[in-house]
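Participant: fold the following, please.
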Amino acid sequence: MLGREVPAYIVARLDRRRQNAERMERKGPPHLRSIRLADGSSYSMVPDFQSITLLRVLQRPRVIAFPVAVAALVSALICLLLSRYQTFPLERLRRAAQNIAAGDLTQRVSPSMRDRRDEIADLAAAFDKMAERLEKVFSSQRQLLSDASHELRSPLARMQVALGLARQRSGGRAGNELDRIEIEVERLNDLIGQLLELSRLEAEVDPARADKVDMRELLEEVAEDARFEAGFRGCRVEVRDAFPAIVQSNASLLHSAIENVVRNAIRYTKPDAPVEISMLADTDHPNSILVQVRDHGPGVPEHMLSHLFEPFVRVEEARDRESGGHGLGLAIAERAVRLHGGEIVARNEPDGGLNIQIRLQLAGGELEPYALLPDTARILARAWKKPR
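Facilitator: I've put the predicted structure just below:
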């Protein structure tokens, strides 16, 4: 422009840049802009990467990949910790609510959230107050039931002694009246015994002192004891499809539970009809068995099935009074089965009668392969399996 000669080093630098621009134009990099004029001349714009640090870094993916990966990992870890911080107390509340629904009123959640100062901590404190109140109410109820039952035992014993003396002195002149008094005293004594048994089970008697019990032998014992009462009422007790099955249980509690169910079935079974006791393999729970007690009576209204195992629940006042029931037998059975980790349910059969089903866990896991076979076939199968 001024007529001066361009220095050689500038010409050399421009030539190098022109050559680089032509080479980059052939490769077509995204940062190169080429402009061609009407006279055929072309100009290329090449950015100076010495002064554009960001673009230079972006052209090196290995350099930026590492910090991006580290940032993503740290973000994911922080999100996981925050999620855990929020969901852990809610999960703890859910488990505690389930345990309370199952009867464990000692559950508390505030101790595990003592460091929190938010709404979840307030909810946990309210939950604990509710659980504590429920525990006190139920404990007072159980204590009252137990104390009243114990206190009634003494006057009943004195009444029985007085009744015996009255028989001796009456000389048979008031035999019918004294017989009636004796029957009522025996019913009261039986009721108090059931109340004491229920209070003992409500106090969560520890079934840890348990033995291995053969369910087939236990069912045969219960049936043998119940046949006398069944014969008096004109029905019979049958054990069907029993097979060897071992459960870990408190034998006396389990015997009492099944006996109460069988006696309840005897009370309502029609004359000349059987009370059927049977065992089934639980297909839904391979490590459990099902014990079924079915009567051939009038059944139970559908709306009462869910309340059948509550204390003092009577389906029909007149019928229960005639049968001699107090509404405690099935409640005792339900508590005993629950203490063994089992489940008891009732349903009406389509052709009439009530079917009470008890699920119990096996002591050694699943049933042996030949347990459901008849005795002779089972012995032969075991002998065939032995190595020769």
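Participant: domains of the chain?
Facilitator: Taking automatic domain parsing as the reference, the chain has its domains at 8-59, 211-385.
Participant: report the distance from the last one to the chain centre.
Facilitator: I take that to be domain 211-385. Put simply, domain 211-385 sits 22 Å off its chain's centre (CA atoms, centre = their mean, to the nearest Å).
Participant: now stretch 339-358: buried residues?
Facilitator: Judged by neighbour count using 16 or more other CB atoms under 10 Å, the buried positions of stretch 339-358 are Leu339, His340, Gly342, Glu343, Ile344, Ala346, Gly353, Leu354, Asn355, Ile356, Gln357, Ile358. Quick note: C-beta positions are derived from backbone N, CA and C, even for glycine.
Participant: ranges for the strands of the stretch 251-388 of the chain?
Facilitator: Counting by DSSP state E, counting those that start in this stretch, the stretch 251-388 of the chain has strands at residues 274-281, 288-294, 343-348, 354-361.
Participant: quick one: the last one to strand 288-294, angle?
Facilitator: In this case it means strand 354-361. Calculated by axes from the mean of the first three to the mean of the last three CA atoms, to 10 degrees, strand 354-361 forms an angle of 160 degrees with strand 288-294.
Participant: quickly run through the sheet partners of strand 354-361, with directions.
Facilitator: Partners of strand 354-361 in the sheet, by DSSP bridges, are strand 288-294 (antiparallel), strand 343-348 (antiparallel).
Participant: okay, those strands in CSV with distance to Val74 and mean pLDDT next?
Facilitator: Converted to CSV, these look like this (distance: least, CB to CB, whole Å; pLDDT from 0 to 100):
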stretch, distance to Val74, mean pLDDT
strand 288-294, 48, 92
strand 343-348, 48, 92
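Participant: indicate which one of the ones you listed is closest to Gln248.
Facilitator: Closest of these to Gln248 is strand 288-294, at 12.3 Å (criterion: CB to CB).
Participant: show me where pLDDT drops low in the stretch 51-200 of the chain?
Facilitator: Residue ranges of the stretch 51-200 of the chain with pLDDT under 70: 51-65, 149, 198-200.
Participant: then the stretch 251-388 of the chain?
Facilitator: Low-confidence segments of the stretch 251-388 of the chain (pLDDT under 70): 314-327, 364-388.
Participant: how about the helices in the stretch 251-388 of the chain?
Facilitator: Ranges of helices in the stretch 251-388 of the chain, per DSSP state H, counting those that start in this stretch, are 251-268, 317-323, 329-339, 375-385.
Participant: what sits against Asp272?
Facilitator: Asp272 sits next to Gly234, Cys235 when contact means CB atoms under 8 Å, 6 or more residues apart in numbering.
Participant: state the mean pLDDT of the helix or strand containing Glu238.
Facilitator: Per DSSP states H and E, Glu238 falls inside strand 236-240. For strand 236-240, the mean per-residue pLDDT is 91.
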